[in-house]
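Peer 1: no FASTA, just this:
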């Protein structure tokens, strides 16, 4: 089985090393093609106004000068001589839960794989608010990565679908199990905007996501992770709100 690994935290990210270790237990044909630099929050962006440069670091290990989407496109069209059997994106440093997945480069890399007809899975390690820098623990992902992936290896995914996995911020031995849950939604608007002044006297603004709340319902990815479970959520690329089709059509009826 050929596995392609990518992420949005960059080729040198600790989470990618974790993912390589996980993938190495599933296959001996593992390839890496990831952004050279961190691309968190890049979403499903594609580089159209600038060239993308491909760099080889080692055998089966490459980086690109663009987004996670660029990395998957380059891997499928320039790096690999045949499509992979599986694309794994992550392990992201931080959660990709609820409506935050619309911003996620990690999930979007898996979206791109699904568009190409390849089984694709995004993996993220949630961490506590006090977690900083490279001190973030990937213990749950390290201990449970193979366990949560193995049942999916021989599963036929529906067309244009993918799976989003989030590991709770606990030690591996404290994970309570795996829950298959729907995508949740946060309870209020985006987080804070932190304003400061640079050394030259100009204001700058930094987006923060701290303090985002949600309403517990114990049915979504948000609550599953909060309760100490691994959240496994199937996602689809069809964003059509089918229930509104009839009402909208009536607005344009002749």
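Peer 2: Cool, got the structure. Given the structure is predicted, the values throughout are model-derived calculations rather than measurements.

Peer 1: mind listing what residue 84 touches?
Peer 2: Residues in contact with residue 84 (CB atoms under 8 Å, 6 or more residues apart in numbering) are 2-4, 31, 75-76, 118. Just so you know, the C-beta spots here come from the backbone N, C-alpha and C atoms, and that holds for glycine as well.

Peer 1: farthest-separated two in the residues you listed?
Peer 2: Across the contacts of residue 84, the longest distance by CB to CB is 13.2 Å; it joins 3 and 76.

Peer 1: circling back: ok, and the most crowded of the contacts of residue 84?
Peer 2: When neighbours are counted by other CB atoms under 10 Å, residue 4 leads the contacts of residue 84 with 29 neighbours.

Peer 1: And what about it, helix, strand or coil?
Peer 2: strand (DSSP: H, G, I helix; E, B strand; the rest coil).

Peer 1: which non-adjacent residue is nearest it?
Peer 2: residue 84 (4.1 Å; CB to CB, 6 or more residues apart in numbering).

Peer 1: how close does the one you found get to residue 128?
Peer 2: 34 Å (CB to CB, to the nearest Å).

Peer 1: Could you do residue 22 as well?
Peer 2: Relative to residue 128, residue 22 is positioned 22 Å away (CB to CB).

Peer 1: so how many other residues sit close to the closest residue to residue 197 other than its chain neighbours?
Peer 2: Distances taken as CB to CB, 6+ apart place residue 203 nearest to residue 197, at 5.7 Å, with adjacent residues excluded. Residues near residue 203, counting by other CB under 10 Å, number 8.

Peer 1: separation between residue 203 and residue 41?
Peer 2: Counting by CB to CB, the gap from residue 203 to residue 41 is 21 Å.

Peer 1: Then residue 250?
Peer 2: Relative to residue 41, and taking CB to CB, residue 250 is found at 38 Å.

Peer 1: So the residue nearest to residue 197 sits against residue 195, correct?
Peer 2: Yes. With contact defined as CB atoms under 8 Å, residue 203 reaches residue 195; the gap is 6.1 Å.
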